[in-house]
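S.K.: Return a 3D structure for these sequence lines:
(2 chains)
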2 protein chains.
Amino acid sequence: MINYNEAIEIIKSEISKIKLHSEEVDIFESYNRILAEDVIADVDLPPFNNSAVDGYAIKFSDKTQWEIIGEISAGNFNSFNITEEVAVLITTGSKIPVGADTIIPVEDVDVESNILKLKENAFIKKGMNIRTQGNDLRKNEIAIKQFTKIDSKSIAVLASCGKEKVKVYSKLKCALFATGDELIPINEKPSEDKFRVSNIYSLYAAMKEMNHTVINLGFTKDDKEMIRRKVEAAFEMNIDMLITTGGVSVGKYDFLKEIFEEQGVKEKFWKVNIKPGKPIYFGVYEKDERRILVFGLPGNPVSSLVNFYVFIKPSIEFLFKQNRIDKLTATLQNDLKKKDGKRHFSRGILYQENDELKVTSEFSQSSGNLVEMSRANCLIEIEDDRLNPKKGERVKCILI
Amino acid sequence: MINYNEAIEIIKSEISKIKLHSEEVDIFESYNRILAEDVIADVDLPPFNNSAVDGYAIKFSDKTQWEIIGEISAGNFNSFNITEEVAVLITTGSKIPVGADTIIPVEDVDVESNILKLKENAFIKKGMNIRTQGNDLRKNEIAIKQFTKIDSKSIAVLASCGKEKVKVYSKLKCALFATGDELIPINEKPSEDKFRVSNIYSLYAAMKEMNHTVINLGFTKDDKEMIRRKVEAAFEMNIDMLITTGGVSVGKYDFLKEIFEEQGVKEKFWKVNIKPGKPIYFGVYEKDERRILVFGLPGNPVSSLVNFYVFIKPSIEFLFKQNRIDKLTATLQNDLKKKDGKRHFSRGILYQENDELKVTSEFSQSSGNLVEMSRANCLIEIEDDRLNPKKGERVKCILI
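M.R.: The predicted structure follows:
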């Protein structure tokens, strides 16, 4: 059995072989997509010297009084020629007239008819309150880097660079199905020894959260022939990833590993020294042009979702070079039990109190407890060789 | 001029009067929506006693050897009657047979034909490895609370509670337009004193990020009649909010405030003692059944987006009772200049290093610098009466 670090390195090495495709989308559709090219400024930003405040444009000297000769508002330039004796009222964002080199804010002056006077205690400095052309970015420089996830801030820069159409990476395509004789549809009521299927919902939402495409193939009983047909159907699709749940443990109905092998999937690992989620299987299917990463997750809903957050999500973020703040160090508020050499991912609630990040984990940590997991907002990662972390110790928390 | 805290309280008080509507959506569509009811468990979770591991079900006694009489796998219950002498192979998630009260993990036993023997150093305890019925949640208890934002974890609980259809709050509807003689469409190249419009893109994305509906009304010149028509058109719509940019300052083309008044909008405040974003206007339009919150943001793209993150976003989260971790305290890595009594929201980059949250802010902080803002991941909030925070001091960072 390999350890967590080995497993994540294997997945990263395989996922980085995915050939990324790109597509052009309308700028309004680019939100939350990942930029597939460096976007270059086609003009200086700002494109011209302009006023940072509502104020008066002057030519700096030792004078403290000027004649107001006119007004310039944003988008309504007037070609005044500013000498030391005159001033022009100018609003924020307006182009600076010829001769002017300083803007005095409206708060710092008194105006009497067309005479402008500097207030007693006001201080002026040559060049103040001018946003100079290209100060934010020069023409032909990179405005937004490839692999930027487009958000409310970067989309404004795309607009400023005239990008009506934006080249973004195509979403990954992932097929998904669950297996298990214990599963029933959610519109039925559990009787005897059955559970309502929940994995396909949680994994669907987890992939959607990352803004990728999920093809939901539903669930199937532990019937070898039916599972084989689902796997074959998935491998005919144009997908980057297949995620299954169940059927990778040691029971006599655990067919998935066997079927993957039959189909020519190359096993990269099976079982990782972690808790929960140990039985995870990872392999790669290659045929003709197709190359599909195969994740066989355990059937347990808590385990499979933890697997997603500690293996699949970080690998996809690695592929797209995303560096989010998704691991925070916090102070543990209660003792945790850990006696083995596995890496644990315990459910926790991270919060900030008195300037300090804290994490509490008053959960049973049973991998059967979905409701409990739904109340957590992080996984507390306890490294392989660390035992029984105590209240007050610092631990790493993975936001989920 | 009011201060930040006063302004945010006024907005919260007005936004909380919005009458929230709800709608039923398919569970797959419920992701990222906000639950409009408490979801009650219609069964115990888990619905029956089941095994937490792959192992052997026994009736606890001082025996260390048993006869294996069969196998139970998940979803394939067999009604064995377990006495002290016998054991049944049982897989994770399988229902516990009558008489059994303890599960020994497969790792702790040796099997020779049909004889099961406890390993020398293995330790067993009555009741171990059984997930008891209702341990996660009892029938008729609240599984997921109203106002939960549905994510990959809670959606699994919805599935387990049989919620094919989920009652969620309807998205807020927000109309948006920009004003300014300086604005040109993004497919034109800036000449003379024009800027490409960027506000409608950033504010559109910011509302989308919150998963609400945005009706983009584009932009218009500083023409009183044209702006009036846009405002009138917006007020005819079934919207909760109107966001405009530009036209709320003191220039002779700043018509918006005037038009809002004409239309009967009740001004709640105009100008807040903050930087950037001081000229923000907030009012409420009421007519017949309609009640529309009106946010007149400044035209400057950095200012308007900062306004969104410090006024509009926290108010919407307040309305929907969301408690995300969106403010983190970090150690400032460089001195910041602040000489006035305004509340500043400076752009910063928050990161974690050696277990410590740090924030750097080597930016010009010019509100003209959009590219700079796009590289920030937080706003450093410097309270009204705090002056020139120094390197090493702790500051609050708002994630953006």
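
S.K.: Now the closest residue to A:Val109 other than its chain neighbours: which helix or strand?
M.R.: Among residues not flanking A:Val109 along the chain, A:Leu116 sits closest, at 5.5 Å (C-beta to C-beta, 6 or more residues apart in numbering or on different chains). Glycine gets a C-beta too; all of them are placed from N, C-alpha and C. Assigned by DSSP states H and E, A:Leu116 falls within strand A:115-118.

S.K.: List the residues that contact the closest residue to A:Ile96 other than its chain neighbours.
M.R.: In this structure, A:Ile96 finds its nearest non-sequential neighbour in A:Asn49, 4.4 Å apart by C-beta to C-beta, 6+ apart. By C-beta atoms under 8 Å, 6 or more residues apart in numbering or on different chains, A:Asn49 lies in contact with A:Lys95, A:Ile96, A:Ile130, A:Arg131, A:Thr132, A:Gln133.

S.K.: number of nearby residues for the fifth one?
M.R.: To tie it back to what came earlier, the one meant is A:Thr132. A:Thr132 has 15 neighbours, counted by other C-beta atoms under 10 Å in any protein chain shown.

S.K.: May I have the residues that are in contact with A:Glu232?
M.R.: Applying C-beta under 8 Å, 6+ apart to A:Glu232 gives the contacts A:Gln263.

S.K.: Over to A:Asp136?
M.R.: Residues near A:Asp136 by C-beta under 8 Å, 6+ apart: A:Leu45, A:Pro46, B:Ser366, B:Gly368, B:Asn369, B:Leu370, B:Val371, B:Glu372.

S.K.: what's the first-to-last distance across stretch A:232-243?
M.R.: Using C-alpha to C-alpha, to the nearest Å, the end-to-end distance of stretch A:232-243 comes out at 13 Å.

S.K.: Break chain A into its domains for me.
M.R.: Per automatic domain parsing, the structural domains of chain A span A:4-20+A:170-319, A:22-42+A:146-168, A:50-131, A:327-399.

S.K.: For the ones you listed, give me a markdown table that also has mean pLDDT.
M.R.: Output for the domains of chain A, formatted as a markdown table (pLDDT from 0 to 100):
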| stretch | mean pLDDT |
| --- | --- |
| domain A:4-20+A:170-319 | 95 |
| domain A:22-42+A:146-168 | 98 |
| domain A:50-131 | 95 |
| domain A:327-399 | 95 |
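
S.K.: circling back to that earlier point, what residues are up against the residue nearest to A:Val109?
M.R.: A:Tyr56, A:Gln65, A:Trp66, A:Glu67, A:Ile68, A:Ala87, A:Val109, A:Asp110.

S.K.: List the beta-bridge partners for A:Gly283.
M.R.: A:Gly283 has these beta-bridge partners by DSSP bridges: A:Glu267, A:Val294.

S.K.: Kindly tell me how buried the nearest residue to A:Ala233 once chain neighbours are set aside is, as a neighbour count.
M.R.: Counting by C-beta to C-beta, 6+ apart, A:Ala233 lies nearest to A:Leu217, which is 7.3 Å off, once chain neighbours are set aside. Neighbouring residues of A:Leu217 were enumerated by other C-beta under 10 Å; the total is 19.

S.K.: got it, and the one 10 residues further on?
M.R.: Residue neighbour count, defined by other C-beta under 10 Å, stands at 23 for A:Ile227.

S.K.: Doesn't it belong to a helix?
M.R.: Yes - when DSSP: H, G, I helix; E, B strand; the rest coil is applied, A:Ile227 is found to be in a helix.

S.K.: So which bits of the stretch 301-400 of chain A are right by chain B?
M.R.: Applying C-beta under 8 Å from any C-beta of the partner chain, we find that the stretch 301-400 of chain A lies next to chain B at A:301, A:305, A:308, A:325, A:327-329, A:350-352, A:355-357, A:364, A:366-374, A:376-377, A:394, A:400.

S.K.: in stretch A:282-295, what's buried?
M.R.: A:Phe282, A:Gly283, A:Val284, A:Tyr285, A:Ile292, A:Leu293, A:Val294, A:Phe295 (16 or more other C-beta atoms under 10 Å in any protein chain shown).

S.K.: Please apply the same query to stretch A:51-66.
M.R.: For stretch A:51-66, burial by neighbour count (16+ other C-beta under 10 Å) applies to A:Ser51, A:Ala52, A:Val53, A:Asp54, A:Gly55, A:Tyr56, A:Ala57, A:Ile58, A:Lys59, A:Trp66.

S.K.: From A:Lys171, how far out is A:Ile11?
M.R.: Using C-beta to C-beta, to the nearest Å, one gets 19 Å for the distance from A:Ile11 to A:Lys171.

S.K.: between these two, who's got more neighbours?
M.R.: A:Ile11 (23 against 17).

S.K.: Can you give the contact residues for stretch A:80-92?
M.R.: Residues from elsewhere that reach stretch A:80-92 (C-beta under 8 Å, 6+ apart): A:50-59, A:61, A:63, A:66-74, A:78, A:96-100, A:103-104, A:116, B:249-251, B:253, B:298-300.

S.K.: These in strands, which ones?
M.R.: Counting by DSSP state E, the part of those found in strands is A:50-51, A:55-58, A:66-72, A:103-104, A:116.

S.K.: Tell me which two in these are the farthest apart.
M.R.: Comparing every pair within the ones in strands among the contacts of stretch A:80-92 by C-beta to C-beta identifies A:Asn50 and A:Glu67 as the most remote, at 22.9 Å.

S.K.: Now do the same contact list for A:Val173.
M.R.: That one is not Val; residue A:173 is Lys. By C-beta under 8 Å, 6+ apart, the contact set of A:Lys173 is A:His212, A:Thr213, A:Ile215, A:Met237, A:Asn238, A:Ile239, A:Asp240, A:Met241.

S.K.: Just want the residue of the stretch 1-150 of chain A that's nearest chain B.
M.R.: A:Gly75 (3.0 Å; C-beta to the nearest C-beta).

S.K.: Specify which member of the buried residues of stretch A:282-295 is nearest to chain B.
M.R.: Using C-beta to the nearest C-beta, those come closest to chain B at A:Phe295, 15.2 Å.

S.K.: my read: the closest one touches A:Thr245, true?
M.R.: No - counting by C-beta atoms under 8 Å, A:Phe295 sits too far from A:Thr245 to count as a contact (9.2 Å).

S.K.: how distant is stretch A:26-44 from the center of its chain?
M.R.: The gap between where stretch A:26-44 is centred and where its chain is centred comes out at 16 Å by C-alpha atoms, centre = their mean, to the nearest Å.

S.K.: quick one: it near chain B?
M.R.: Yes - using C-beta under 8 Å from any C-beta, stretch A:26-44 comes into contact with chain B via A:Ile27, A:Phe28, A:Tyr31, A:Asn32, A:Ala41, A:Asp42, A:Val43.

S.K.: So for the strand holding A:Leu116, what gets flagged as buried?
M.R.: A:Leu116, A:Leu118.

S.K.: partners of it in the sheet?
M.R.: Partners of strand A:115-118 in the sheet, by DSSP bridges, are strand A:65-72 (antiparallel), strand A:109-112 (antiparallel).

S.K.: In chain A, which residue is most central in space?
M.R.: Computing the C-alpha centroid of chain A and ranking residues by C-alpha atoms, centre = their mean puts A:Arg324 first, at 5.9 Å.

S.K.: you'd agree that one is up against A:Pro314?
M.R.: No - applying C-beta under 8 Å as the test, A:Arg324 and A:Pro314 come out as separate, 10.0 Å apart.

S.K.: what helix or strand is the residue nearest to A:Ala233 on?
M.R.: Using DSSP H and E, A:Leu217 falls in strand A:213-220.

S.K.: tell me the phi and psi of A:Leu305?
M.R.: Here is the backbone geometry of A:Leu305 (degrees, to the nearest 10): phi -70, psi -40.

S.K.: Thanks a lot, see you next time.
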